[in-house]
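Chemist: sequence first, predicted model second:
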Amino acid sequence: MGRAAVFIDGANLFFTQRHLGWQIDFSRLMAFFMSGYASVQANYYVPASEPVSEENAAFTRVLIAHGYRITSKPVKKIVNKETGVIVMKGNLDVELVVDALSAVDEFDTFILFSGDSDFLPLLRALKEKGKEVLVYSTQGLSARELLAEPGITYCDIALLRERIGQARPGDCLRTEGTLSAAEQEFPVRLPDIGEIFTGTVLKVKPYGIFLSNPFHVKCLLPLSFLGVSKYIKDLTAIVRMTDLFEVSVFHVNSAREVAEITVKLVDKKMVEELSSRIEA
């Protein structure tokens, strides 16, 4: 399996999801690609509006926790001097192209989430460099030039709902660490000891914190691995659901039906933050 680089045009994908009528689960999307490649770099490009809403902040935390690198820049308000019409501009196409070409030696397969034909010069340049090129979009929002371009593999997102879509009303909710049928069909790798990732809080227990993770396994950060020297009387009182924990894999247990990992907190700033909350 080769190395893949996923580049997501966030603004384009927003309209794609609205057109499809369903939302992508970005943890399942990462799992989908990790099942087919030895390594996956995921890059998400999105304009930033001010002030940042709680919903957008939460979405950003989810992306970071599942291994996405986010590139953003403020939306500009441009006033037409003749008409007085205000135009909002937040295009990150140039940033995406520059990043892709700068990292060209780091991947074998380039995966673009966009139906915009403006990216054709980039795709042609990557093909000339011997890269496999895939485009993910959907019918009706994909430029004809992309569909007609030879040497590009086109993938319709509409056909992937069962693999990457968010749970629909009436679907059974998964418990911590369990896999959906789609994820069982396309399993992801287990982490290596010492591997570092960032997880969001799923649940807090007296003995530790259950974290989200890009491996879709049960992940526990035990109380004893928080690195806090002070006595913690009530862990639930000092951990917030909005916290991000940068952790290192300490132990992997693949003997169970659902694999489990134990992790240690490696973020010194978070250790200090937790310690300060004990005093508060």
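Modeler: Nice, I can see it. Quick caveat, the model's predicted, so the values are computed rather than measured. Numbering: from 1, shown residues only.
Chemist: only C-alpha atoms from now on, for both contacts and neighbour counts.
Modeler: Fine.
Chemist: how about residue 205, what does it touch?
Modeler: Counting by CA atoms under 8 Å, 6 or more residues apart in numbering, residue 205 touches 235, 236.
Chemist: try 7 Å this time
Modeler: residue 236 (CA atoms under 7 Å, 6 or more residues apart in numbering).
Chemist: in the stretch 101-250 of the chain, what residue spans correspond to helices?
Modeler: 120-128, 144-148, 161-164, 181-185, 235-238 (DSSP state H, counting those that start in this stretch).
Chemist: for residue 2, which of those is the nearest?
Modeler: Residue 2 lies closest to helix 120-128 among the helices of the stretch 101-250 of the chain, at 15.7 Å (CA to CA).
Chemist: how much space between residue 41 and residue 201?
Modeler: According to CA to CA, to the nearest Å, residue 41 and residue 201 sit 23 Å apart.
Chemist: in terms of mean pLDDT, which of the helices of the stretch 101-250 of the chain ranks lowest?
Modeler: Sorting the helices of the stretch 101-250 of the chain by mean pLDDT places helix 181-185 lowest, at a mean of 41.
Chemist: show the pLDDT at residue 85.
Modeler: Reading off the model, residue 85 has pLDDT 53.
Chemist: next: the one 10 residues further on.
Modeler: As summarised for this prediction, residue 95 has a pLDDT of 94.
Chemist: now the host helix or strand of it against helix 120-128, angle please.
Modeler: Per DSSP states H and E, residue 95 falls inside helix 93-102. Interaxial angle, helix 93-102 versus helix 120-128 (axes from the mean of the first three to the mean of the last three CA atoms, to 10 degrees): 10 degrees.
Chemist: hang on, the earlier thing: which of the helices of the stretch 101-250 of the chain sits most buried?
Modeler: Ranked by mean neighbour count, the helices of the stretch 101-250 of the chain are led by helix 161-164 with a mean of 18 (mean count of other CA atoms under 10 Å).
Chemist: flag the helix or strand of the chain with the lowest per-element mean pLDDT.
Modeler: helix 181-185 (a mean of 41; mean pLDDT, DSSP states H and E).
Chemist: okay, now the unreliable bits of the stretch 51-200 of the chain?
Modeler: 51-52, 75-81, 83-90, 167-188 (pLDDT under 70).
Chemist: swap in 50 and give it another go.
Modeler: Along the stretch 51-200 of the chain, segments meeting pLDDT under 50 span 87-88, 169-170, 172-187.
Chemist: domains of the chain?
Modeler: Following automatic domain parsing, one gets these domains for the chain: 3-164, 191-279.
Chemist: now the longest one, how far from the chain's geometric center?
Modeler: To tie it back to what came earlier, the one meant is domain 3-164. Domain 3-164 has its C-alpha centroid displaced from the chain centroid by 12 Å (CA atoms, centre = their mean, to the nearest Å).
Chemist: no further queries at this time; thank you.
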